[in-house]
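In: missing the sequence, but the structure's below:
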């Protein structure tokens, strides 16, 4: 298979059958005389492996591959200059903890800048550079987990959607679309969803939604957006309670979950 022209005289052909994990073998072919020489490249083969892969063709001939990334391939994923910074270790810890528990993470989106891949059964080997479009924090957390627990690599199971023959321009456009049109879940909903584990949250929701005698009855927003008659968000409501009781229990003004646990000690 002719890969690319080096000059009008020479072309390079890749011999896929002789590739190994750490060795590329190429053949230089003289276009004029037919003379050829073998060249080896002993640099590490940095291909990305996708297991349980399914390749589909969308409109306009776009090919998309869906599957599970081999954990050892995560280190070979690249990032473009358009990407955000990797979050702090503290910020990544919640994702690391989810991986430890074997919880499923949302699929990430990737772009392969080229169309060279090989397939064996449902396993795909992506030979061209693969870039992270969406999911940098999940990949970073998985790599941190692997560095700490390499023997548990099977837990770092990350699904991916890979666009074949992507371009940097498409990646940037997709990155902007995903990060400007996506609505972040409101802390109000996160607090509301904690009521099964937090007696304090359960009590406050009951007071604000079911007790007409309570001064803030139907005035606290436990939803994504505030209604006209609501005066305060659930997040600000909890912050006020935390400030009022901070002299009794430390931690009521800290991050969301620790603050809720501290308020539990005060109100229940």
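Out: Thanks, I have it. Predicted model, so just to flag it, every value in this text is computed and none were measured.
In: okay, CA-based contacts and neighbour counts for the rest of this
Out: Noted.
In: tell me who's in contact with residue 92.
Out: 137, 138, 140, 141 (CA atoms under 8 Å, 6 or more residues apart in numbering).
In: give me the buried positions along stretch 54-65.
Out: Across stretch 54-65, burial judged by 16 or more other CA atoms under 10 Å covers 55, 63, 64, 65.
In: nearest spatial neighbour of residue 114, skipping sequence neighbours?
Out: Of all residues not flanking residue 114 in the chain, residue 165 sits nearest, at 4.3 Å (CA to CA, 6 or more residues apart in numbering).
In: how about the one you found, what does it touch?
Out: 63, 111, 112, 113, 114, 115.
In: quickly note the distance from residue 165 to residue 136.
Out: From residue 165 across to residue 136, the span is 20 Å (CA to CA, to the nearest Å).
In: hmm, I was thinking of residue 142
Out: 10 Å.
In: and if you look at residue 225?
Out: The spacing between residue 225 and residue 136, counted by CA to CA, is 28 Å.
In: now swap in residue 216 and tell me
Out: 41 Å.
In: what ranges in this protein fall below the confidence cut-off?
Out: Low-confidence segments of the chain (pLDDT under 70): 1-45, 182-183, 249-255, 267-268.
In: ranges for the strands of it?
Out: Using DSSP state E, the strands of the chain run over residues 2-5, 10-14, 24-30, 36-41, 48-57, 63-69, 108-112, 117-120, 123-126, 130-134, 158-164, 220-221, 232-233.
In: burial count for the residue lying closest to residue 82 once chain neighbours are set aside?
Out: Excluding its sequence neighbours, the residue lying closest to residue 82 (CA to CA, 6+ apart) is residue 172, at 6.4 Å. Neighbourhood size, residue 172 [other CA atoms under 10 Å]: 16.
In: could we number from 492 for the rest of this?
Out: With the count now opening at 492, the last piece we talked about shows up as residue 663.
In: closest to residue 614 among the contacts of residue 583?
Out: Taking CA to CA as the measure, residue 614 lies nearest residue 629 of the contacts of residue 583, at 22.0 Å.
In: verify the contact between that closest one and residue 585 for me.
Out: No: Residue 629 is not in contact with residue 585 according to CA atoms under 8 Å; the separation is 10.1 Å.
In: residues in contact with residue 622?
Out: By CA under 8 Å, 6+ apart, the contact set of residue 622 is 568, 569, 570, 571, 601, 602, 603, 604.
In: may I see the PyMOL selection of the buried members of those?
Out: Paste this into PyMOL to select the buried members of these, with burial taken from 16+ other CA under 10 Å:
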select buried, resi 568+601+602+603+604
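In: residues in contact with residue 723?
Out: Contacts of residue 723 (CA under 8 Å, 6+ apart): 710, 711, 712, 717.
In: top of these by neighbour count?
Out: residue 712 (25 neighbours).
In: name whatever forms a beta bridge with it.
Out: Going by DSSP bridges, residue 712 is paired in beta bridges with residue 724.
In: isn't it right up against residue 718?
Out: Yes: the pair residue 712 and residue 718 passes the contact test of CA under 8 Å, sitting 7.2 Å apart.
In: still on that earlier bit, what's the closest of the contacts of residue 583 to residue 724?
Out: residue 628 (28.3 Å).
In: neighbours of the residue lying closest to that closest one once chain neighbours are set aside, how many?
Out: Excluding its sequence neighbours, the residue lying closest to residue 628 (CA to CA, 6+ apart) is residue 577, at 6.1 Å. Neighbourhood size, residue 577 [other CA under 10 Å]: 14.
In: please tell me how far residue 577 sits from residue 626.
Out: 10 Å.
In: let me see the ranges of the helices in the chain.
Out: All helices of the chain, identified by DSSP state H, fall at 580-591, 627-639, 659-671, 678-683, 690-701, 725-735, 747-758.
In: how about those helices, which one is nearest residue 550?
Out: Smallest distance to residue 550 across the helices of the chain (CA to CA): 15.3 Å, for helix 659-671.
In: that closest one packs against which elements?
Out: strand 621-625 (3 or more CA pairs under 8 Å, 6 or more residues apart in numbering; DSSP states H and E).
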